[in-house]
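In: Kindly generate the corresponding structure for this input.
(one chain, ligands or ions: 2)
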Amino acid sequence: MSYSKEVISKQVDKIKETFKSWLGEHKEDYFDNNAVGLGCFNYKPYDVAWAVTKQCNLKCAHCSISAGSAGKDELSTEEGLSFIEDVANLGPVKFVFTGGEALLRKDIFELIEYATSLNMQVEVATNGTLIDDNVAKRLKNAGVYEVAISMDGIGKIHDNIRGIKGTFDKAVRAIKACKKAGLKVHFHTTIFKINISELSRIVDFAEQLQVDRIYIGTLVPVGRGQKISHVCLSGEEVKQIFNFIVERQPKTRVWLRPVCPQFWAFLEAENLLDGDNGHKFIGCTAGITSFHILPNGDVDLCAELPLKVGNIKQQPFTTIIKNDIFKKFRNREIKGTCGNCKYLDICGGCRARAFAAYGSPLAEDPVCFLAK
Ligand code: SF4
Ligand code: SF4
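Out: Numbers count the residues shown, from 1 in each chain. Ligands and ions are numbered 1, 2, ... in the order given. Okay, the predicted model is just below:
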C-alpha cells in the first residue's frame, strides 16, 4: 500500500505534536538530574567516569580503550581512594566506575563504598557477565544508585558485537538480578550500521525487563572501533535514530536518551521544544562537565575522546580540570561548520568524532545532517 505525500505529512505532524506535548508533560523528569544539558552523559556539576581497569573478559568490536589484559601501571587502591576523595571536593558529582570490566578489579567494592560514603551518586558501567543475585545485592548494599549494562542487540547480534558467545544471556541474568536487588538499570547501547534496525527490539526488550533508561550512543572510531569505522553511522542514519525517538518515546515508560549533542539542535530545528522550559542545553559536555580517567590515571575529555590533559599520579584531578584547554571547550572555540552554526551553543558537535576525523578536538563534527 502506498500513501500520498499529504497523508504522510499529516502523520509526521501528528507524531511531532504527540512528542511535543509528551515533552511538555514530562519536562521536569526528562531534564532532571543527569539529563540537564545532556548531549552525552551529564550531571551537574560534574560527571566523572573512571575506567578502573583495562582488564576485560569480552572482546567488543568497538571498545574505546581496546580492553583485554590489565595494564601494569593501573592506579593502586590508595591512589584510587585519594582520587575519589579529591573528586568529592567538587560537590554532588556523578561518579561512574567503568572499564574494561570494572567488576574484575579486586578492590572494586572498597572503591565503590568509599565513593558512596562521600555522597556521590554512583553508577557501575559493566558488560553484566559477572552479575548474579549475590553480586547485585552487594552492589546495592555498597550504595550503588544505578547499573549500566551494555546491550547492543537481542541474542546473537549482541554476542557477535561483544565477541563471546553467551554474553547476551549473562547480561539478561544481570538485568534481572539488579532489578530484583532494587537497583536502577539502564542500557548502554551503541548503534552502528549493523544494529540500527535492532533499536526497536531493544526498546521492546527494555520495556519487558523494566529497564529504566537506554543511552543510545553511536559508534565513534576510537580504540578497537577504528578497525570498524566503515560501520559508523552517516548523518542521515543519526537523523533516523532521532526520528525513531520522537515517534517511540511518548509510547514507552523507558527513557530514551540519545548520546549525541545534535539531538537538541534537531529538536530545535523541528520546532519540538517549548522554548520556555527554562533549561539550557549545552550539547557536547566533554571537558565542560564530563571527564574520563583511564586506568593509569590519564585524564581525558570523554570516554570517546582520548586526548590526555594530565595524569592524576602527577597532579590532583581538581587541578588538572583547571587546565586552559578546557576554556576552549567552555567558550566553544570550535572551527568549521560547527563554529559557524546557529546551534553551536546547544550542540557544539561531538568533539570525539571531530578528533577521530581530523586529529583536533576543536574541528567540526564530520557527521551532521544539520550542517549547511
Ligand atoms: S554543525 Fe556542528 S554545532 Fe551545528 S548542529 Fe551540526 S554538529 Fe551541531
Ligand atoms: S565528545 Fe562526543 S561522545 Fe564525548 S561528550 Fe561530547 S558528544 Fe558525547
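In: buried sites along stretch 127-144?
Out: Buried residues in stretch 127-144, defined by neighbour count with 16 or more other CB atoms under 10 Å: 127-129, 131, 135-140, 142-144. C-beta: built from backbone N, CA, C; applies to glycine.
In: scratch that, stretch 7-27 is what I was asking about
Out: 16, 19-20, 23.
In: Show me which residues of the stretch 151-300 of the chain sit near ligand 2.
Out: The stretch 151-300 of the chain comes close to ligand 2 at residues 259, 261, 284-286, 290, as judged by CB under 6 Å from any ligand atom.
In: Reformat those as JSON lines; add distance to ligand 1 and secondary structure.
Out: Below are these laid out as JSON lines (distance: CB to the nearest ligand atom, whole Å; DSSP: H, G, I helix; E, B strand; the rest coil):
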{"residue": "Val259", "distance to ligand 1": "14", "secondary structure": "coil"}
{"residue": "Pro261", "distance to ligand 1": "6", "secondary structure": "coil"}
{"residue": "Cys284", "distance to ligand 1": "8", "secondary structure": "coil"}
{"residue": "Thr285", "distance to ligand 1": "13", "secondary structure": "coil"}
{"residue": "Ala286", "distance to ligand 1": "13", "secondary structure": "strand"}
{"residue": "Ser290", "distance to ligand 1": "17", "secondary structure": "strand"}
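In: top of those by neighbour count?
Out: The most crowded member of these, judged by other CB atoms under 10 Å, is Cys284 (31 neighbours).
In: picking up where we left off before, same list, the buried residues of stretch 127-144, but as CSV with pLDDT please.
Out: Shown next, in CSV, are the buried residues of stretch 127-144 (pLDDT from 0 to 100):
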residue, pLDDT
Asn127, 93
Gly128, 96
Thr129, 95
Ile131, 97
Val135, 98
Ala136, 98
Lys137, 98
Arg138, 98
Leu139, 98
Lys140, 98
Ala142, 98
Gly143, 97
Val144, 97
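In: tell me the two of those that are most distant?
Out: Thr129 and Gly143 (22.5 Å; CB to CB).
In: Where does the prediction get shaky in the stretch 151-300 of the chain?
Out: The model of the stretch 151-300 of the chain has pLDDT under 70 over residues 275-280.
In: so where do the helices sit in it?
Out: Applying DSSP state H, counting those that start in this stretch to the stretch 151-300 of the chain gives helices spanning 156-162, 167-180, 199-208, 235-248, 262-269.
In: who wins for proximity to Ile228 among those helices?
Out: Closest to Ile228 of these is helix 156-162 (CB to CB; 9.6 Å).
In: For the stretch 1-150 of the chain, which segments count as helices?
Out: Using DSSP H, counting those that start in this stretch, the helices found in the stretch 1-150 of the chain span residues 5-30, 77-88, 108-117, 133-141.
In: Make CSV out of those helices and add distance to Arg224.
Out: What follows is those, written out as CSV (distance: least, CB to CB, whole Å):
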stretch, distance to Arg224
helix 5-30, 33
helix 77-88, 25
helix 108-117, 23
helix 133-141, 26
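In: Any idea which of the ones you listed has the lowest pLDDT on average?
Out: The minimum mean pLDDT among those belongs to helix 5-30 (a mean of 83).
In: ok and that one relative to helix 262-269, angle-wise?
Out: Between helix 5-30 and helix 262-269, the angle comes out at 120 degrees (axes from the mean of the first three to the mean of the last three CA atoms, to 10 degrees).
In: what about helix 5-30, distance to the chain center?
Out: Relative to its parent chain, helix 5-30 has a centroid offset of 25 Å by CA atoms, centre = their mean, to the nearest Å.
In: again, but for stretch 185-194
Out: Centroid separation for stretch 185-194 versus its chain: 9 Å, with CA atoms, centre = their mean.
In: cool, stretch 314-327 as well?
Out: Distance, stretch centre to chain centre, for stretch 314-327: 22 Å (CA atoms, centre = their mean).
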